[in-house]
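# I would like the atomic coordinates for the input below:
(2 chains)
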Amino acid sequence: MAVIADTAVQGAQMLLVLLLAPLLTGFVRKVKARLLRRRGPSVIQPYRDLVRLMRKEVVLAENASWLFRVIPYLVFAATWVAASLVPTFRTGLQFSWSADLIAIIALLGSARFFLALAGLDVGTSFGGIGASREVMIASLAEPAMIMIVFTLALIAGSTQLSTMAGFMVSPVVGLRVSLALALLGLIMVAIAENARIPVDNPATHLELTMVHEAMVLEYSGRHLALIELSASLKLLLYISLLACLFVPWGMAGAGANPGALALGVVACIGKLAAGGFLLAVFETAIAKMRVFRVPEFLGAALMLGLLATLLRFVSGSL
Amino acid sequence: MTVAVALLCVVALLSLAVAALAIGRSPAATPIVYGGCIAVSSVALLSGLSQLLGGAAPASIALPLGLPWIGAHFRIDALSAFFLIVVDLGAAGASLYALGYGRHEQAPQRVLPFYPAFLAGMNLVVLADDAFSFLVSWEFMSLSSWALVMAHHRVGDNARAGYVYLVMASFGTLMLLLAFGLLAGPDGGYAFADIRAAHPSAVLAALAFCLTLLGAGSKAGLVPLHVWLPLAHPAAPSHVSALMSGVMTKVAVYGFVRIVFDLLGAPSWWWSMVVLALAGISSVLGVLHALMQSDLKRLLAYSTVENIGIIFVGLGLSLAFETHGMAWAAALAFTAAMLHVFNHSLFKSLLFFGAGAVLTATGERNMERLGGLIQRMPQTAFAFLVGCAAISALPPLNGFASEWLTFQAILLSPQLPSWGLKFLVPAVGALLALSAALAAACFVRAFGISFLGRARSAAAKMAHEVDRWSLTAMSCCAALCLAAGIVPGLFIDALAPAVQGLIGTRMPTQVNVDWLSIVPIAESRSSYNGLLVFLFMVISGTLAAFAIHRLASDRLRRAPAWDCGYPDASPVTQYSASGFAQPIRRVFGTAAFGAREQVEMPAPGEQRPARLTVTLHDPIWDALYAPIAAGIMLAAERLNRLQFLTIRQFLSLVFAALVILLLVLALWP
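Numbering: from 1, shown residues only, chains lettered A, B, ... in the order given. Predicted structure coming up:
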């Protein structure tokens, strides 16, 4: 019986992240529009876009290979699996032990690997520029992320997200320097990974500084829908990762009753909304940086991560 | 029993080599030699497997060969058995591949006799149980592989590659020779059993450790001793490149492990620091170099340097834990290193096979002249893609499993009491993470530029899929990469006896964990399940495809590429290999290679093209090897004068030498 309930919760988590992801994107866009004194599209516009794209036919470049057609599904699968393993409303998910935080980062790395290949597949210069810059950004963002994971894992004594979230709720954590550094680094990495301002601009086309949009320029129809959905899922994943590690309050524990679960879902939606709101405010307040300033930005994140890890190695209480 | 079988296999390989000398020129020689090699290495592989999995006690045999008062000792224990498996699995794969690839060989008589000899040499190194046979086998392995590097000695830079390789190989053997000289038992016992029993003093052990690190490290390609590797590995025929990069470097790792972990006794506190520092630098420098290459095989060779770095990070951590009495953590780090040895031998062989297939199909190794091969060679492209994903440490393939274990070992190291290690290990962890991310970039570039996009040359446009033998070999390697990635627990358990034999303890048994997860310490701490991740990805991808095709739309129309409305018909407008690496070169290149870009822009109205010149320096070559080479040249020039003396001057020189020698003899106390 417990197994069935656990599986149901895991299934609910998978559906929840899938259904909430476009809403989060729509919400961020709406807040940004309001901050710019525009009315902006409705928050459910991303759903409409997805449905519209899925119904359209795919226009495929003449020399696109089979890999180009498989990649949207691969990217979606990797991102969805990763997103369903990050606890949102309940810790101790049924399958949370099948991949720890390092594996979740690596799953996102797989998604990026294949997306960069898709950028090169048609053999256009826009695809190439996107792929080339994406791997440059990733080559700094990924190590920074791993160092942050090291810090958090050393504090919590585990790389398992459920255990880490459980530890972060407990009173033994306290305020630590390394935790603050890790939080700052993680936010910087999350901005870069989700192609947000100041690293990349999710709202542009035809701009020489774009990265993510240049890579997926040749996609259309259902393929594009899947890639957009994966991007939304990734944004949701990073916000819920931040929430799960740094503001884990309100999350239901393993074997919680339905009331606690409902509270968990409400808390999760609230945290996502707060995260999305802060992201929109931040993006409105700041200008996009030149592409070759990005390494400095991410280098700072890497140094923060390294510093935090060093502090943890040197002293148990920092 | 197993050791006798393995030795018989070596004898069979040597007789194949002799037979190949006789029949090398006949067209039937290629299938006979490679077929024979497949059969013999399969038998050796089985004997290794039966020794490792059967849990048999170490078996040894002494033959009345070699030096009369020593004899030749051979022994197979769990560690030898594990490396025997790595060697013979790689050998069987390469021989299978060569059944097809070898048919295109221009001068088979230059390859066929040395190939079985090379296999025999590698097998003998892992079986040897005394210093004399170890060194003879080691040198035999080096020389036969040198002959294979020189197989196409008239092509391009190959002769220089062979020369540098020969110098570095002799240097490595010399270092090992001196190490064994220091380690010999009190009465000159060179058998490993004697060396193990004689506990050397701290100074001797430290010297022997340094010499071993130089000797085995130069063979494995550890920075700064790696310079020969990216020259020599690509120069050989592709199946030999696969063996040299995938297997021979592992034999060097075996040499290091055998001497440092087994023969030297308890490690000193600073050994692990030296190993960790060199390993971290190797992993990042190797992959950065790989990113700058446009020659596909040289890129793979540089990536070997990176992977050797990852293996040595595991070994260094294991030494550190062992020094401080944390045997269980040492077992974890050592298992990670051994798993990466196995994994790297698989995917590096696969990638070299793929590069060889591209070479056969197009005659090109330069990525700038490839492109679009996924259309013309779909099966090769698929296998190569699996190899690229595996080496980039993407789950659920095998490269990720071993890197994940290495990261878990790093997470245990704050418990080490040593302050030096407390600072060094996080830095090495950062270097390892950096190299993993850069490796992904490197292989996006390798696959994307060579196989995707549009053909950049006529040869790439006319390419054809390669023969069935090569494809079979590549598919087998790819299947093994996937298998080792989704059930790493089984492989960890299989190599546990080797870990037990050296470290004295092993990782917990993984077979009994639910769902075949791997749980290095405790489930609340960390666990990873490749099988479930693989299944989840397959299920969710298929589900999405099915749902969208059923419920939404499955229509598809082919049209010209969009490219924001500016598609260019010429394939040269695509991103090139060097263009792709340019952002990374800008970020890391100035620090690592002193990279400079110079743009020469003609004035408006001038007709000549603009030029971009990029200069890169190898800091290690400039700082270490160039002064040595310059010194040797200078000395040679000075001594050159001695050739042009008159007869009187010669005679007086001889007389002076005689007088000085006599004086020395007279004054000698």
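
# can you tell me which residues contact whichever residue of chain A sits closest to chain B?
As assessed by Cβ to the nearest Cβ, chain B sits closest to A:Gly128 within chain A, at 2.6 Å. Any C-beta I mention is one placed from the backbone N, CA and C, and that applies to glycine too. Neighbour list for A:Gly128: A:119-120, B:453, B:574-575, B:579-580 [criterion: Cβ atoms under 8 Å, 6 or more residues apart in numbering or on different chains].

# does it sit in a helix, a strand or a coil?
Recorded secondary structure, A:Gly128: helix (DSSP: H, G, I helix; E, B strand; the rest coil).

# The contacts of A:Gly128: which two are farthest apart?
Spatially, the most separated pair among these is A:Gly119 and B:Gly579, at 13.1 Å (Cβ to Cβ).

# Compare neighbour counts for the two and give me the winner.
The residue with more neighbours, out of A:Gly119 and B:Gly579, is A:Gly119; 34 against 17, by other Cβ atoms under 10 Å in any protein chain shown.

# That one: which element?
helix A:101-121 (DSSP states H and E).

# That helix packs against which elements?
Helix A:101-121 sits against helix A:66-85, helix A:125-156, helix A:161-169, helix A:212-215, helix A:221-246, helix B:398-412, helix B:419-451, with contacts defined as 3 or more Cβ pairs under 8 Å, 6 or more residues apart in numbering or on different chains; DSSP states H and E.

# now the longest one against helix A:101-121, angle please.
Yep, that's helix B:419-451 we're talking about. Helix B:419-451 and helix A:101-121 are oriented at 30 degrees to each other (axes from the mean of the first three to the mean of the last three Cα atoms, to 10 degrees).

# about what we covered before: and of the helices and strands packed on helix A:101-121, who's closest to A:Ala106?
When the helices and strands packed on helix A:101-121 are compared by Cβ to Cβ, helix B:398-412 sits nearest A:Ala106, at 5.6 Å.

# that older thread, adding distance to A:Ala103 as columns, could you present the helices and strands packed on helix A:101-121 in a markdown table?
Below are the helices and strands packed on helix A:101-121 laid out as a markdown table (distance: least, Cβ to Cβ, whole Å):
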| stretch | distance to A:Ala103 |
| --- | --- |
| helix A:66-85 | 8 |
| helix A:125-156 | 10 |
| helix A:161-169 | 10 |
| helix A:212-215 | 23 |
| helix A:221-246 | 13 |
| helix B:398-412 | 7 |
| helix B:419-451 | 13 |
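
# Turn those helices into a markdown table, columns for distance to B:Phe644 and mean pLDDT.
Converted to a markdown table, the helices and strands packed on helix A:101-121 look like this (distance: least, Cβ to Cβ, whole Å; pLDDT from 0 to 100):
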| stretch | distance to B:Phe644 | mean pLDDT |
| --- | --- | --- |
| helix A:66-85 | 66 | 95 |
| helix A:125-156 | 57 | 93 |
| helix A:161-169 | 77 | 86 |
| helix A:212-215 | 67 | 88 |
| helix A:221-246 | 75 | 95 |
| helix B:398-412 | 59 | 94 |
| helix B:419-451 | 52 | 95 |
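
# Figure out which of the ones you listed is closest to A:Lys32.
Closest approach to A:Lys32 among the helices and strands packed on helix A:101-121 is made by helix A:221-246 (13.2 Å; Cβ to Cβ).

# what packs against the closest one?
helix A:2-35, helix A:45-55, strand A:58-61, helix A:66-85, helix A:101-121, helix A:161-169, helix A:177-193, helix A:258-285.

# one more time with 7 Å, if that's ok
In terms of contacts (3 or more Cβ pairs under 7 Å, 6 or more residues apart in numbering or on different chains; DSSP states H and E), helix A:221-246 is packed against helix A:2-35, helix A:45-55, strand A:58-61, helix A:66-85, helix A:161-169, helix A:177-193, helix A:258-285.

# Verify the contact between A:Ala116 and B:Arg445 for me.
No - A:Ala116 lies out of contact with B:Arg445 (Cβ atoms under 7 Å); the separation is 9.0 Å.

# And those two? Which one has more around it.
Neighbours per residue, other Cβ under 10 Å: of A:Ala116 and B:Arg445, the larger number sits with B:Arg445, 30 against 27.

# Spatially nearest residue to the more buried one (excluding sequence neighbours)?
Excluding its sequence neighbours, the residue lying closest to B:Arg445 (Cβ to Cβ, 6 or more residues apart in numbering or on different chains) is B:Phe580, at 5.0 Å.
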